[in-house]
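Enquirer: Fold the following.
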Amino acid sequence: MENTQKIRVMVVDDEYPARKLLSDYISKVPNLELCKQCSNALETAAYLQNNQIDLMFTDIQMPELSGLDFVKTMVNKPMVVFTTAYSEYALESYELEAVYYLLKPISFASFMKAVNKATELFNLKHATENQVKSSQADTKDFIMVKADYKLYKINFDDLIFIEGQSEYVTFHMVDKKITAYYSLKKLEEELPANRFLRIHKSYIVAQKRIEAIEGNMVVIGKEKLSIGKNYKEVLMQALFRNEDSTQL
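Expert: Below you'll find the model as predicted:
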């Protein structure tokens, strides 16, 4: 289970014993969170108007609206596992891009096969989303910061280093300084890693501004900033691409 985030699950079946069985199975799997049990498609639709789930186990033969027809009506559908006592619906279920098709009576082993497939897809989706976010962060070339009752646009090209001061940080730029209510930890997550480095619990520096390494100090213009012992190896790897830096 690569992703630590739990998969939000709902169970839809008009028969209570079937809902109870799947609920019991779900409770045994640490990365699953049962959010809702419903007895029909209309009740499910009402719940989904205000709630989001990741995975739905739904029976096919239900009154008023079958599980297959209900899934066809969904615009932003979650991952779906169909449960039924009849095998003839298998082809249609996969045409609806179902994650799995479980035949009743459902054993725990069969249930886990469906869960493992859903978990694999869930992890892949989140890994892709994280890559997209990372790519977007790398292409962005500025950050917006509130300070002095103003909203400042700080261009990455103008940043020299950022100094942490308790709950505040000071952005040292080419032509000015701006102090704002911010945290270095949050900035470390937001700034592109290929352009900025955390070198100390109190400093983030622009890589291109580094002029020299002098002992345990980074030289940037007239400034000499301390290198924290927990950050030096990462700094050297970034600057010298994993070359041997023991001479410094």
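Enquirer: tell me the contacts of the residue lying closest to residue 169 once chain neighbours are set aside?
Expert: Spatial nearest neighbour of residue 169, chain neighbours left out: residue 182 (4.6 Å); criterion: Cβ to Cβ, 6 or more residues apart in numbering. (C-beta placed from N, C-alpha, C; glycine too.) Neighbouring residues of residue 182 by Cβ atoms under 8 Å, 6 or more residues apart in numbering: 145, 168, 169.
Enquirer: all helices of this protein, in order?
Expert: 16-27, 41-48, 67-73, 90-95, 108-139, 184-190, 232-240 (DSSP state H).
Enquirer: of the ones you listed, which approaches residue 205 most closely?
Expert: Taking Cβ to Cβ, helix 232-240 is the member of these nearest to residue 205, at 8.8 Å.
Enquirer: Can you add mean neighbour count and distance to residue 203 and give the helices of the chain back as a markdown table?
Expert: A markdown table is the format used below for the helices of the chain (neighbours: other Cβ atoms under 10 Å; distance: least, Cβ to Cβ, whole Å):
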| stretch | mean neighbour count | distance to residue 203 |
| --- | --- | --- |
| helix 16-27 | 16 | 47 |
| helix 41-48 | 17 | 47 |
| helix 67-73 | 18 | 53 |
| helix 90-95 | 14 | 55 |
| helix 108-139 | 14 | 20 |
| helix 184-190 | 13 | 8 |
| helix 232-240 | 15 | 11 |
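Enquirer: Could you tell me the least trusted of those?
Expert: Of all these, the minimum mean pLDDT falls on helix 90-95 (a mean of 75).
Enquirer: what sits up against it?
Expert: Outside helix 90-95, the residues touching it (Cβ under 8 Å, 6+ apart) are 60, 68, 82, 101.
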